[in-house]
Every structure is written in C-alpha cells, then in structure tokens.
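> Have a look; sequence and predicted model below, questions after that.
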Amino acid sequence: MNSTIHTLLNHRSIRFFKDQAIPMEDLTTMLEAMNRTATSTGMQMASWIRVTDPKLKAELAQVACQPYLAKTPELFIFIVDLYRNSQIAKAKGYQGSKFRSMDNFFQGLADAYLQAQSLTLAAEASGLGAVFFGSILNDPTRVIQLLKLPELTFPILGLGMGYPDDQPEKKPRIPVNMKLGENSYPYLANYDQTFQAYDEAMSHYYDTRNKNQRSDTFTNQVISKLAQGKKKRAQLMRVVQSQGFDVWLEDETEYGD
C-alpha cells in the first residue's frame with residue numbers, strides 16, 4: 001500500500017504527547033511542505049502562529065476547555081489573513097475595500113483548513129501525532145486578544161503536534177457509501193435505521209476506549225450537541241464582522257458583468 005494512503009487510513013487524534021521536542025530541522029521541513037498546499041486564486045490568504053509561550057498556551061487551553069492543549073509540544077493557530085494583502089494593496093495605492101468581502105474570507109478559510117490538514121499529514125508521515133482544536137472558537141474574541149491579531153484576520157483552528165504518548169483506537173467514521181453521491185446529493189432512505197450499524201460501532205468504540213469510559217452513539221451525539229449550544233459561538237459572525245469583514249449580502253451589480 002502507498003505510504004501516504006496508509007498514513008491517512010491510520011489517522012487518529014493524539015491528545016497525550018511525550019515530553020520530547022521536535023527537532024527544528026524536521027519542523028521546518030514540515031512547515032515548508034505545508035506551505036506548498038494549494039491556495040485559492042493564488043492569494044495565500046492564511047497565516048499561522050506558533051505558540052511557544054507556556055502562559056499563552058495555558059490561556060488558550062482555558063478558552064478551549066481542554067487542559068491537554070497546554071501540554072502540546074508544538075501548537076499552531078491557523079488564521080484567515082486578509083490583512084497582509086490589504087497592506088500590499090495599500091502600499092500600491094489601492095483605495096478599494098473588496099478585500100473585506102466574504103468571498104475573500106471564505107477563500108482564506110479554505111486555505112487555512114487545507115494547510116492545517118497538510119501539516120497534520122506531514123506530521124503523521126514523520127511518525128508524530130496531532131490533534132485539532134476547533135474549540136478555540138469557544139471565545140474567538142479572547143483568542144484575537146491573546147494573539148494580538150490585527151483587523152481582517154480571524155483564528156479558525158488550532159493544531160497540536162508531538163511524539164505520541166498513547167495509541168488510541170481509530171474512531172469509526174460514517175461509511176463512504178453513506179456520504180458519497182453520484183451526480184446528486186446522497187439522500188438516505190431511513191436515517192434512523194441506516195445509522196444503526198454505525199451507532200453500534202461507535203458504542204463499542206466508547207465502551208473500549210481507554211481513559212474515557214462511556215457508552216454513546218453517533219445519533220445521540222447529534223441531538224446532544226445540537227441541544228448544547230454555546231453563546232459565544234452563536235456570535236461568531238459578529239466577531240468576524242468586528243474584525244473588519246463585510247458580513248452582509250453584497251450587491252452583485254458592484255462587480256459588473
């Protein structure tokens with residue numbers, strides 16, 4: 001089997017790491033590999049912050065409500081970054097504001113997510129483990145303050161990396177045939193019955209998972225997570241707007257034919 005395919009098929013989130021630094025030469029190589037990720041329209045509207053200050057890690061762990069974030073040997077925060085290009089445009093004498101558009105925001109969002117996955121693959125291919133922290137969005141305003149982010153930027157994801165200190169079981173995924181449609185959306189005939197086998201697999205996974213004994217199913221999680229809600233997450237678009245992005249329906253006539 002191709003080594004890249006093998007790495008992807010064996011992905012699992014690693015939450016506990018050895019107290020062992022990643023050699024800077026190896027880290028630099030992984031970052032260079034990530035930097036080759038495809039970018040929307042070639043505008044490269046994403047940046048990354050390497051968090052090395054233990055106090056800052058601890059603050060971010062509080063935002064994420066995940067204490068182990070503070071102990072990750074390497075922590076990167078991925079940023080939608082239109083500020084850089086806005087400064088280039090300003091230096092060139094451009095007076096417009098199109099870089100504030102949601103179109104550009106979503107392009108930067110896609111760039112950042114793709115780059116995060118690229119770095120994860122590079123890390124796992126190098127024998128490291130990794131874990132994503134989407135939970136930094138629990139309080140994006142606080143993250144913006146902590147990282148001193150300028151306008152036209154927005155933090156969307158954290159990534160922790162290091163040498164694994166545990167080897168959890170692979171978490172089951174919804175089967176491909178339930179996600180894949182050919183030429184149209186893949187509707188399912190009976191959602192409750194169709195997910196019974198997957199629910200059983202998830203229940204078995206939680207029954208046997210070390211350090212987190214619990215019994216649960218995917219369909220129950222769908223309900224519980226929808227019911228939870230987080231007030232600050234409900235205000236995400238307000239924070240995006242406060243960072244200078246145009247969060248409204250744009251008049252398409254402004255763009256001409």
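Great, that's in hand. Keep in mind that what you see is a predicted model, and the values were worked out from it rather than measured.
> low-confidence ranges in the stretch 151-257 of the chain?
Applying pLDDT under 70 to the stretch 151-257 of the chain picks out residues 209-215, 229, 249-257.
> Strands along the stretch 1-150 of the chain, start to end?
Per DSSP state E, counting those that start in this stretch, the stretch 1-150 of the chain carries strands over the ranges 46-51, 74-81, 129-133.
> Determine which stretch of these is the most buried.
strand 74-81 (a mean of 24; mean count of other Cβ atoms under 10 Å). Bear in mind the C-beta positions are built from the backbone N, C-alpha and C, glycine included.
> angle of it against strand 129-133?
40 degrees (axes from the mean of the first three to the mean of the last three Cα atoms, to 10 degrees).
> Could you list which residues are in contact with Tyr198?
Neighbour list for Tyr198: Pro172, Ile174, Pro175, Met178, Phe218 [criterion: Cβ atoms under 8 Å, 6 or more residues apart in numbering].
> Quick one: buried ones out of those residues?
Restricting the contacts of Tyr198 to buried positions leaves Pro172, Phe218, with burial counted as 16 or more other Cβ atoms under 10 Å.
> which of the contacts of Tyr198 lies closest to Leu109?
Within the contacts of Tyr198, the smallest distance to Leu109 is 23.3 Å, found for Ile174 (Cβ to Cβ).
> just checking, that closest one touches Phe218?
Yes - in terms of Cβ atoms under 8 Å, Ile174 counts as a neighbour of Phe218; the distance is 7.5 Å.
> about what we covered before: tabulate the contacts of Tyr198 in a markdown table, adding columns for secondary structure.
Shown next, in a markdown table, are these (DSSP: H, G, I helix; E, B strand; the rest coil):
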| residue | secondary structure |
| --- | --- |
| Pro172 | coil |
| Ile174 | coil |
| Pro175 | coil |
| Met178 | helix |
| Phe218 | helix |
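> Many thanks, I have nothing further to ask.
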